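Novice: Kindly return the folded structure for what I paste below:
(one chain, ligands or ions: 1)
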Amino acid sequence: MAETTEGAAQAQEIAEEEVSEAQIAVHWREEEYYQPPEKFPAQANASDPAILERFSEEHFPECFVEYAEMLEWDKKWDTILDTSNAPFWKWWIGGRLNACVNCVDRHLEARGEKNALIWVPEPEDAEIQEITYAELHRRVNEFAALLRDFVGAKVGDRVTFHLPMVPELPVSMLACARMGVIHSEVFGGFSGTACGQRMGDAESKILVTVDAYYRNGELIDHKIKADDAIEAARKDGIEVEKVLVWRRIPGEYHSQSEMVEGRDFFIDELLEQYRGQEVEPESMPAEAPLFLMYTSGTTGRPKGCQHSTGGYLSYVTGTSKYYQDIHPDDTYWCFADIGWITGHSYIVYGPLSLGTTSVMYEGVPTYPDAGRPWRIAEKLGVNIFHTAPTTIRMLRKLGPNEPEKYNYHFKTMTTVGEPIEPDVWRWYHEFVGKGQAAITDTWWQTENGGFLGSTLPGLQPMKPGSCGPGVLGIYPVIFDENGDEIPGGSGKAGNMCIRNPWPGIFQTIWGQPERFVETYYAKYNNNPDSQDWRDWPYFSGDGAVQAADGYFRILGRVDDVINVAGHRLGTKEIESAAIEVEEVAEAAAVPVVDEVRGKIVEVYVALKPGHEPSKEIEQKVSAQINKDIGPIARPKNVWIVADMPKTRSGKIMRRVIAAVSNFADVGDVTTLANPEIVDGIRQHVQSEKLSKGEVPKELTEKEKAEIASYGQAE
Ligand code: PRX
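Specialist: Numbers count the residues shown, from 1 in each chain. Next up, the predicted model:
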């Protein structure tokens with residue numbers, strides 16, 4: 001297992017040299033390789049190294065035909081890639097297909113009675129729903145008939161969903177896909193106002209919601225948010241015409257919000273008229289938008305990432321097959337929320353396109369205890385598991401030894417969403433995977449449709465903390481601020497970019513094409529008239545470092561870099577160092593404005609259960625950061641808190657603690673999963689700072705804006 005990676009010592013040496021302002025300093029040490037279990041490659045979808053050659057740059061863009069051929073087309077494409085309106089890339093021009101047919105209808109003959117979805121409700125004694133492909137087909141068609149005849153939805157219309165993890169969400173998505181209607185799902189944990197703003201932006205007049213859902217043991221009122229959504233959409237000039245309400249418990253209504261006559265309707269009642277109806281699938285051009293997925297930029301209007309039908313579906317199908325090693329007979333569980341791109345691509349479209357069984361879970365990982373995910377895996381025979389580092393950290397914190405109590409076996413495990421600290425990776429490998437699973441750490445973004453950086457589990461070894469090289473057909477590069485390439489093995493970090501287009505890339509920002517070009521392509525383009533894709537590297541906004549073996553290590557958003565006396569330090573490596581301290585479960589580093597050095601670092605940590613806050617732990621954290629990175633990153637203070645302020649998707653809201661550390665306004669905390677903890681943290685931190693004699697610094701407008709947006713990009 002343990003081979004030392006090439007060039008490690010050299011990289012370390014170089015990293016210790018001075019770095020210029022154009023670069024981000026890196027102090028990470030190289031990690032060892034891990035190999036998948038011996039029997040893995042024999043059954044893997046990608047086990048012949050010839051695949052690497054087939055997807056090498058000289059075969060671009062034809063290499064992606066392999067992905068397109070995994071789909072069923074009504075008409076094959078004439079052109080693979082059209083670059084004439086760069087950087088608005090067009091894939092599979094002339095091709096026609098339907099995404100719902102590919103995810104449902106085409107499996108009916110061979111696998112109609114096999115489960116497409118297994119839905120696990122949060123209450124542990126509630127009945128699990130097994131939905132076969134035939135049943136999914138029936139549900140999707142009936143809802144599509146309702147959308148067609150009752151709502152009058154047509155090709156190209158936008159329908160917004162504000163749905164949590166209920167099986168009606170994929171049903172609603174696939175019904176839209178069947179009709180060529182563009183769906184726009186807003187994460188269920190977002191506020192009604194956020195949903196309404198997205199409706200306004202998409203000019204969407206139909207809202208699909210649910211009355212209530214279970215979360216952490218409670219039946220939460222959700223329909224109530226529709227009232228705020230309608231208000232917010234109205235402010236943006238959109239009058240919502242219909243609110244369609246699924247009911248979590250059929251026949252019952254669990255919301256304080258009144259149903260408005262003529263506008264709000266219970267879907268289960270309406271569906272009575274559409275029983276057994278079928279809707280002819282629309283044969284859509286490959287380039288037709290399939291859905292919008294909003295992501296928040298640092299400031300201003302949300303960005304509606306517009307994803308295509310043919311390009312997107314081919315990309316998620318191909319990457320699901322090769323990187324998650326999904327076979328039709330697997331039971332695959334992506335423990336994420338469909339309200340994020342991960343769920344769209346890797347709970348719904350990718351796995352269903354491959355005809356596998358995809359598991360959905362309604363609730364939180366630790367309900368009623370930290371053994372729940374492993375009981376689900378055991379009960380359902382899950383053999384592929386996919387989740388985010390934040391969930392892994394939470395499960396490690398609350399139930400480090402829980403996995404061994406359950407009899408399940410994972411052949412592959414995926415992580416996604418943020419850099420995973422090597423320590424956490426090792427727990428995932430050893431405890432969750434029982435040392436027997438191949439881990440794919442998948443780096444990508446809402447904008448990208450599917451994975452961009454990862455290891456092929458049957459062919460490339462894993463390395464904790466690194467996502468791996470570019471995936472098949474993706475050629476990444478790291479540029480410094482001046483556009484100079486930073487070579488692999490130099491130990492220096494820079495901006496992670498992708499040199500080429502790929503089928504899963506989003507088509508534009510809905511209604512904001514200039515912003516699309518400006519945000520993602522303008523930075524490294526020297527000729528705006530060029531139609532050659534080589535002139536248009538995609539700027540991801542992430543910082544990264546490439547090792548001598550070609551593996552990338554992602555440092556996080558470049559906006560999250562803390563600039564101490566001209567040294568740009570990646571937040572993630574400070575946090576990784578802090579988490580090496582045995583008692584620490586989670587860490588977040590934030591900048592504090594400092595007269596002398598510009599910014600200095602402060603670190604917040606939450607402890608594993610059974611440990612009490614102490615000066616000694618604070619000192620250990622400080623010493624570890626000093627050791628791993630150097631005195632430049634030594635925190636001014638280490639704050640031990642009971643929990644971090646987090647979004648509903650589990651990301652730490654660094655801007656909130658940054659505001660606390662800087663005596664600035666914490667801003668709106670209502671979208672947090674745990675807003676109640678903020679006051680306690682503020683009182684504890686600020687009173688201690690004042691008693692130590694710290695004088696709150698008067699912040700400039702620029703500093704205030706920086707703090708308010710710190711770590712905000714999602
Ligand atoms: O900073 C990177 C981080 O998450 C960002 C994208 O977030 P979002 O659009 O919400 O999509 C998340 C799911 C694809 C990236 O810019 N990120 C995502 N995956 C990883 C990651 N950072 C490190 N390693 C990853 N595997």
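Novice: Now do the contacts for the closest residue to the ligand within the stretch 501-650 of the chain.
Specialist: In the stretch 501-650 of the chain, the residue that lies nearest the ligand is residue 554 (3.5 Å; Cβ to the nearest ligand atom). Just so you know, the C-beta spots here come from the backbone N, C-alpha and C atoms, and that holds for glycine as well. Shown in contact with residue 554 (Cβ atoms under 8 Å, 6 or more residues apart in numbering): 419, 443, 453, 467, 496, 542-544, 572.
Novice: And for residue 216?
Specialist: The contact partners of residue 216, by Cβ under 8 Å, 6+ apart, come to 122, 363-364, 367.
Novice: What's the local residue count around residue 74?
Specialist: Residue 74 has 13 neighbours, counted by other Cβ atoms under 10 Å.
Novice: Residue 283 is in contact with that one, correct?
Specialist: Yes. Look at residue 74 against residue 283 with Cβ atoms under 8 Å: they come within range, at 4.4 Å.
Novice: Overlap of the contact sets of these two?
Specialist: 96-98.
Novice: how far away is residue 212 from residue 673?
Specialist: In this view, residue 212 and residue 673 are 17 Å apart by Cβ to Cβ, to the nearest Å.
Novice: between these two, which one's more packed in?
Specialist: Neighbour count, other Cβ under 10 Å: between residue 212 and residue 673, residue 212 has more, with 21 against 18.
Novice: where does the more buried one fall, phi/psi-wise?
Specialist: phi -160, psi 170 (degrees, to the nearest 10).
Novice: so who does it touch?
Specialist: 219-223, 248, 254-255.
Novice: Just the buried ones among those residues, please.
Specialist: Neighbour-count burial (16 or more other Cβ atoms under 10 Å) applied to the contacts of residue 212 gives 219-220, 222-223, 248, 254-255.
Novice: ok, so of those residues, who is nearest residue 687?
Specialist: Taking Cβ to Cβ as the measure, residue 687 lies nearest residue 220 of the buried ones among the contacts of residue 212, at 33.9 Å.
Novice: name the element the closest one belongs to?
Specialist: strand 218-221 (DSSP states H and E).
Novice: neighbours of residue 253, just the number please.
Specialist: 14.
Novice: was I right about residue 689 contacting residue 637?
Specialist: Yes. Between residue 689 and residue 637 there is a contact under Cβ under 8 Å: 7.4 Å.
Novice: So which elements touch the host helix or strand of residue 705?
Specialist: Secondary structure assignment for residue 705, by DSSP H and E: helix 701-708. Of the remaining helices and strands, those touching helix 701-708 by 3 or more Cβ pairs under 8 Å, 6 or more residues apart in numbering; DSSP states H and E are strand 584-594, helix 654-661.
Novice: To residue 237, which of those lies closest?
Specialist: With Cβ to Cβ, the closest approach to residue 237 among the helices and strands packed on helix 701-708 belongs to helix 654-661: 29.5 Å.
Novice: So which elements touch that closest one?
Specialist: Using 3+ Cβ pairs under 8 Å, 6+ apart as the contact test, the elements touching helix 654-661 are strand 584-594, helix 677-691, helix 701-708.
Novice: so which of the ones you listed comes closest to residue 511?
Specialist: That would be, of the helices and strands packed on helix 654-661 and by Cβ to Cβ, helix 701-708, which comes in at 24.9 Å.
Novice: Distance across stretch 247-264, terminal residue to terminal residue?
Specialist: Separation of the first and last residues of stretch 247-264 by Cα to Cα, to the nearest Å is 12 Å.
Novice: buried residues in it?
Specialist: Neighbour-count burial for stretch 247-264 flags 247-248, 254-255, 257, 264 (criterion: 16+ other Cβ under 10 Å).
Novice: and which of these is nearest to residue 155?
Specialist: Of all those, residue 264 has the smallest distance to residue 155: 25.5 Å, by Cβ to Cβ.
Novice: Could you work out the most separated pair of the buried residues of stretch 247-264?
Specialist: Largest separation among those by Cβ to Cβ: 248 and 264, giving 15.6 Å.
Novice: just the helices in the stretch 451-600 of the chain please.
Specialist: Remark: helices assigned in the stretch 451-600 of the chain by DSSP state H, counting those that start in this stretch are 513-520, 571-579.
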